[in-house]
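test case, fold it:
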Amino acid sequence: MNISWSECLCFILLLLQLTTVSTLKRFEVLGPPDPVDAVVGEDVVLPCYLKPNISAVDLSIQWLQLESSDRLVHLYQDHEDRNKNQVPSYRGRTSLFPEQLKNGNVSLKLRNAQVSDNGEYKCLVESQEWYEDYSIHVYIKAVGTHPMISNEGYKEGGISLVCESKGWFPQPQVVWMDSEGHSLPAGHTERHTDSMDLFTVRRRVIVQETETNRFTCRVQQQQINEMKDTITNIPGELHIFRINSFSITTFCIPYESDEWKCWKIASDIYKKEKLGTIYKETLFDI
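Predicted structure coming up:
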């Protein structure tokens with residue numbers, strides 16, 4: 001069978017056209033190589049786009065949060081948002097960029113970030129002939145308050161100090177230090193979460209008299225590279241009182257009728273620091 005040059009040329013052109021159409025139907029879905037950081041209460045954009053930057057107007061775009069099962073965060077299909085089956089916690093907080101779909105931008109805007117938004121997401125784009133996806137990890141963070149230090153007075157052979165800080169995520173560490181920056185042995189860290197799943201942390205330390213009587217509470221979260229310090233100075237009279245209170249108390253116990261006399265002596269000596277209540281508690285404890 002003889003094939004003319006014109007027939008051969010038509011066949012080649014048809015083959016090229018089919019190849020071109022097939023190539024145009026395929027695309028890649030790309031996103032950031034590093035995790036996306038978001039602050040509780042603020043808006044965040046999860047970048048995602050097509051390569052080549054073909055129009056995504058006619059495509060299906062799904063954003064999913066990956067847990068034990070995929071959870072629908074946002075769905076764009078048939079030229080409109082279809083969020084009937086969206087996870088309730090995302091209601092009213094998600095949107096695409098409609099004006100950018102024609103340029104292949106399928107990024108998701110997430111408003112008012114919450115602790116529950118922390119985790120891995122999938123950007124899934126699908127046509128009738130092809131689909132691709134890209135995974136993005138989102139780190140939610142919240143920086144808490146400066147530590148508050150309270151003085152509980154004389155306890156367990158020293159002065160009891162309590163450090164507390166609120167509003168952290170992820171959970172931070174609490175470290176007590178002396179004036180030279182050395183870590184001090186302290187009690188276990190108490191923690192609880194509020195209605196927004198943010199952490200409140202609290203830790204107690206018993207300190208002894210030092211040359212400076214200066215102590216630091218540090219609350220730090222290494223994962224988000226955040227740290228806050230508060231320094232407190234303990235009056236020297238507290239440590240003097242600790243020593244004298246036992247001698248006074250021991251002297252007073254045998255003379256119940258003179259209890260007021262002993263109390264007056266203690267309060268006169270230490271009234272500048274208002275330590276009479278500490279003396280009274282020590283007296284009754286014994």
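
show me where pLDDT drops low in the stretch 51-200 of the chain?
68 (pLDDT under 70).

can you map out the strands along it?
Listed in chain order, the strands of the stretch 51-200 of the chain (DSSP state E, counting those that start in this stretch) span 60-66, 70-77, 80-81, 94-95, 108-110, 119-126, 131-141, 148-155, 158-168, 173-177, 190-193, 199-207.

show residues contacting the last one.
Judged by CB atoms under 8 Å, 6 or more residues apart in numbering, the contacts made with strand 199-207 from elsewhere in the structure are 144, 152, 155-172, 174, 176, 184-194, 215, 217, 219, 234. (C-beta placed from N, C-alpha, C; glycine too.)

right, and the strands of the stretch 51-200 of the chain - which one's nearest P35?
Of all these, it is strand 131-141 that lies closest to P35, at 4.1 Å by CB to CB.

give me the residue at the spatial middle of this structure.
Per CA atoms, centre = their mean, the C-alpha nearest to the average position across the chain is that of F169, at 2.0 Å.

from G119, how far out is the nearest residue to that one once chain neighbours are set aside?
Nearest non-adjacent residue to F169, counting by CB to CB, 6 or more residues apart in numbering: A142, 4.2 Å away. To G119, A142 is 15 Å away according to CB to CB, to the nearest Å.

looking at these two, which one has more neighbours?
A142 (22 against 14; other CB atoms under 10 Å).

returning to that earlier point: ok, the residue nearest to F169 - contacts?
Contacts for A142 (CB under 8 Å, 6+ apart) come out as 39-41, 115, 167-169, 198.

dump these to CSV, plus distance to V207.
Below are these laid out as CSV (distance: CB to CB, whole Å):
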residue, distance to V207
V39, 35
V40, 34
G41, 36
V115, 34
G167, 26
W168, 24
F169, 30
L198, 29
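
which one of the residues you listed is nearest G104?
So of the contacts of A142, ranked by how close each gets to G104 (CB to CB), first place is V39, at 28.2 Å.

residues near the nearest residue to that closest one once chain neighbours are set aside, how many?
Distance criterion CB to CB, 6+ apart; nearest residue to V39, sequence neighbours excluded, is K141 at 6.0 Å. Neighbour count for K141, taken as other CB under 10 Å: 19.

contacts only, for K141.
Contacts of K141 by CB under 8 Å, 6+ apart are 37-40, 169-170, 221, 223-224, 226.

in PyMOL, select just the buried ones from those residues.
Here is the PyMOL command that picks out the buried ones among the contacts of K141, judged by 16 or more other CB atoms under 10 Å:
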select buried, resi 38+40+169+221+224
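
can I get the contacts of K141 in a markdown table including distance to S69?
Shown next, in a markdown table, are those (distance: CB to CB, whole Å):
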| residue | distance to S69 |
| --- | --- |
| D37 | 26 |
| A38 | 23 |
| V39 | 28 |
| V40 | 25 |
| F169 | 24 |
| P170 | 24 |
| Q221 | 30 |
| Q223 | 26 |
| I224 | 28 |
| E226 | 33 |
